[in-house]
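Visitor: Below are the sequence and a predicted model; questions follow.
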Amino acid sequence: MTAVEVSELKVRYGDLVAVDGVSFTAEAGCITAVLGPNGAGKTSTIEVCEGYRTASSGTVRVLGLDPGRSQRALGERVGVMLQQGGVYPSARVIDTVRHYCTLYGKGADPVALVERVGLTDRATSTWRRLSGGEQQRLSLALALAAQPEVAFLDEPTSGVDVNGRDTIRAIVRDLAAQGCAVVLATHELDEAERLADRVVIFDHGQVIADGTLAELRKGHDEIRFRSSPHLDLHSLADSIGMVASQVGPDEYVIDAPPHPKLMAQLTAWLAEHGHPLTDMRAGAQRLEDVFRRLTAEHADARSDAADAASTDGTRARRGRRRDGGAR
Amino acid sequence: MSRFLSQLRTELQLTLRNGEQLLLTLGIPVLLLVFFSLVDVLPTGMKDPVDFLTPGVLALAVMSTAMVSLGIGTGFERSYHVLKRLGATPLGRPRLIAAKIAGVAAVELVQFVIIVPVAYALGWSPGRLHWPLAIVAVLLGTMAFAGIGLTMAGRLRGELNLAAQNGLYLVLLLLGGMVVPFSKLPGPVRTIAHALPSGALADVLRECLGGNGTQPGTSWIVLAVWAAVTPLLAAALFRWD
């Protein structure tokens, strides 16, 4: 079931276009990560979904309702975790959770909720005295108090230590397993890779890719290895029939699926020429690489559009972008 | 109803647990009342300074709760995105505002229950008492001050709001005929003082609780105008986020 539907959404702040025609959906029981660098329009999009912000154009439907008009009605069914704050600084953890359980009126047990987010021993501390990670977990507990059908979590693990991250990830997975549509905004690729069933990649206010992790990685297999700093790449290409490119002082990439024969040829060539093999990784690209490739392509597309619009003024800028985007 | 009560309980817990708020809403009014009643240095023009001071200190108590305490608290709630987060719950703004009003009324009740007996203990002997009218005046004063406090809270950022509320409190305390008699203020300042909600409330309360108002008729009108205008101003200017 589609729980969140965003189509052709635009958000402008004066002259600045923060969100520029974004479309995507989030399904019940799935974790959808909205991934992108800071300033890509993630929070603006989420805030339209939460009913805080109005769209300049386009439509957003959450559980079939317009969040701008139905924030109260959706308030009973939607859990929200703001990017920061949201909690009375001088209220105690247990009092805040109890208050939110009453506000949502779903019969959630405050003591159990505090325990679930791992704050039992901090239950009588005030928000002000909690660490950044504890504050995030409290904020997550308030979203859980809604027993939500849809949860919007904005950077839920930012500033959280490793153990806290594990707690948060486990809770988010549980939430989706119970049928909640989880929309998670993050700029951390690692977070999206670990949690998301589906990734929507934002860049400069646009969606530049949308799909499952497998889909995004598909067709982008590579062989990445480390060896001596100055391999004779011509000789290697002659031997294996594929071109390797150097991407670091001692790191090389071949854009090809990790076929056993090719791997054998590569390692044989290295052995023959007396080169070490200090590291090797073959197969689907890491999300980080997918992301780099997509944002570089998007930058090219944008500067092409700029070229079409103006004449030669943008040529130098475009050249620089190309260099920056190349591996 | 349970949502409203839960919000009200939260508001009261936060106010009554906060030392600075208690100092402001109870400590300072009681201290001023006791000190200037026992140490007769103010030119009150009355035989017994406590007769002059009690209505003024009650007006001060209303101002400290409805304007400063509410304004500072709400300002910080805005800065910390508490109001924003509550906006995504089923609480709703009308219930939130109702809980804040009830919270202010409850604190004012506590203030009166403490200040009035202290005044009697200090020898307060009001000639004529008209509590129902005094309560109407307190309601109007609460509306006027809450409007001012929330207008500032809805526009100024955390620390600036804190400083501005405290600054305005001090100015109105000194100018408002609360502890300083109007007759001792220079002409133009006296006119301003009479036109301020602090001066109007103190004057009206002094009339209701002892019959010593200087220009009660005008003061009622001034107070009513402030009570009508500032909540509308707050509603128009308040930014929730």
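Guide: Thanks, I have it.

Visitor: Those residues of chain B touching chain A, which are they?
Guide: Of all the residues in chain B, those in contact range of chain A (Cβ under 8 Å from any Cβ of the partner chain) are B:2-3, B:6-7, B:9-10, B:13-14, B:17-18, B:76-77, B:79-82, B:84-92, B:241. (Glycine included, C-beta is placed from N, CA and C.)

Visitor: now the helices for chain B?
Guide: With DSSP state H as the criterion, chain B has helices at B:2-17, B:19-22, B:28-38, B:49-63, B:70-79, B:82-87, B:93-121, B:131-153, B:158-175, B:187-195, B:197-208, B:216-237.

Visitor: Mind listing what's buried along the longest one?
Guide: Residues of helix B:93-121 classed as buried by neighbour count (16 or more other Cβ atoms under 10 Å in any protein chain shown): B:95-96, B:99-104, B:106-108, B:110-112, B:115, B:118-119.

Visitor: From residue A:129, how far off is the residue most central in space within chain B?
Guide: The C-alpha lying nearest the average C-alpha coordinate of chain B belongs to residue B:63 (Cα atoms, centre = their mean; 1.6 Å). Relative to residue A:129, residue B:63 is positioned 32 Å away (criterion: Cβ to Cβ, to the nearest Å).

Visitor: Also residue B:148?
Guide: Taken as Cβ to Cβ, the spacing of residue B:148 relative to residue A:129 amounts to 32 Å.

Visitor: Who has more neighbours out of those two?
Guide: Neighbours around residue B:148 and residue A:129, counted as other Cβ atoms under 10 Å in any protein chain shown, are more numerous at residue B:148. The numbers are 27 against 14.

Visitor: Look at the more buried one and report its pLDDT.
Guide: Per-residue pLDDT puts residue B:148 at 96.

Visitor: right, and it touches residue B:168 too?
Guide: Yes. Using Cβ atoms under 8 Å, residue B:148 and residue B:168 qualify as a contacting pair, with a distance of 7.5 Å.

Visitor: ok so residue A:199 is a strand residue?
Guide: Yes. Going by DSSP: H, G, I helix; E, B strand; the rest coil, the assignment for residue A:199 places it inside a strand.

Visitor: Is it bridged to anything, and to what?
Guide: Counting by DSSP bridges, residue A:199 is bridged to residue A:33, residue A:211.

Visitor: so what's it up against?
Guide: Contacts for residue A:199 were tallied using Cβ atoms under 8 Å, 6 or more residues apart in numbering or on different chains; they are A:32-33, A:35, A:192, A:209-213, A:216, A:287.

Visitor: Quickly note the distance from the residue positioned nearest the centre of chain A to residue A:175.
Guide: Most central residue of chain A, judged by C-alpha distance to the mean C-alpha position with Cα atoms, centre = their mean, is residue A:35 at 2.8 Å. From residue A:35 over to residue A:175 the distance is 19 Å, taken as Cβ to Cβ.

Visitor: What sits closest to the residue in the stretch 101-250 of chain A that chain B sits nearest to if chain neighbours are left out?
Guide: For the stretch 101-250 of chain A, the residue positioned closest to chain B under Cβ to the nearest Cβ is residue A:102, at a distance of 3.9 Å. Distances taken as Cβ to Cβ, 6 or more residues apart in numbering or on different chains place residue B:6 nearest to residue A:102, at 3.9 Å, with adjacent residues excluded.

Visitor: quick one, phi/psi of the residue nearest to residue A:57 when sequence neighbours are not counted?
Guide: Across the structure, with Cβ to Cβ, 6+ apart as the measure, the residue nearest residue A:57 apart from its sequence neighbours is residue A:10 (4.7 Å). Backbone torsions for residue A:10, taken as degrees, to the nearest 10, come to phi -130, psi 140.

Visitor: residues touching residue A:10, list them.
Guide: Applying Cβ under 8 Å, 6+ apart, the residues near residue A:10 are A:17, A:19-22, A:55-58.

Visitor: top of these by neighbour count?
Guide: If you count neighbours using other Cβ under 10 Å, the busiest of the contacts of residue A:10 is residue A:19, which has 29 neighbours.

Visitor: From the contact counts, what lies against whichever strand or helix holds that one?
Guide: Here residue A:19 is covered by strand A:16-27, with elements defined by DSSP states H and E. With contacts defined as 3 or more Cβ pairs under 8 Å, 6 or more residues apart in numbering or on different chains; DSSP states H and E, the secondary structure elements packing on strand A:16-27 are strand A:2-13, strand A:31-35, helix A:42-50, strand A:57-62, strand A:181-186, strand A:198-203, strand A:206-212.

Visitor: Strand partners (parallel or antiparallel) of it?
Guide: Strand pairing (DSSP bridges) places strand A:16-27 next to strand A:2-13 (antiparallel).

Visitor: Render the CA-only coordinates of the strand it pairs with in PDB, please.
Guide: As requested, the backbone C-alpha atoms of strand A:2-13 are provided in PDB (Å, rounded to 0.1, in the frame of the first residue of the first chain):
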ATOM      1  CA  THR A   2       1.300   3.400  -0.900                       C
ATOM      2  CA  ALA A   3       1.300   5.500   2.200                       C
ATOM      3  CA  VAL A   4       3.200   8.600   1.000                       C
ATOM      4  CA  GLU A   5       2.900  10.000  -2.500                       C
ATOM      5  CA  VAL A   6       4.900  13.000  -3.600                       C
ATOM      6  CA  SER A   7       4.400  14.200  -7.100                       C
ATOM      7  CA  GLU A   8       6.100  17.100  -8.900                       C
ATOM      8  CA  LEU A   9       6.700  18.900  -5.600                       C
ATOM      9  CA  LYS A  10       8.300  22.300  -5.700                       C
ATOM     10  CA  VAL A  11       9.200  24.400  -2.700                       C
ATOM     11  CA  ARG A  12      10.600  27.900  -3.100                       C
ATOM     12  CA  TYR A  13      11.900  30.300  -0.500                       C
END
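
Visitor: Show me what counts as buried in that strand.
Guide: In strand A:2-13, residues buried by neighbour count (16+ other Cβ under 10 Å) are A:3-6, A:9-11.

Visitor: Find the pair from these with maximum spatial separation.
Guide: Of all pairs drawn from the buried residues of strand A:2-13, the greatest distance, 21.8 Å, lies between A:3 and A:10 (Cβ to Cβ).

Visitor: Can you tell me the closest non-neighbouring residue to residue A:111?
Guide: In space, not counting the residues next to it along the chain, residue A:111 is nearest to residue A:94; the distance is 7.4 Å by Cβ to Cβ, 6+ apart.

Visitor: Distance check, that neighbour against residue A:141.
Guide: Residue A:94 is 10 Å from residue A:141, where distance means Cβ to Cβ.

Visitor: neighbour-wise, which of these two wins?
Guide: Residue environment comparison for residue A:94 versus residue A:141 gives the larger neighbour count to residue A:141, 26 against 18, counting by other Cβ under 10 Å.

Visitor: show me where chain A has helices.
Guide: Ranges of helices within chain A are A:42-50, A:71-75, A:93-104, A:110-116, A:132-144, A:162-177, A:189-195, A:213-217, A:233-240, A:260-272, A:287-309, A:315-325, based on DSSP H.
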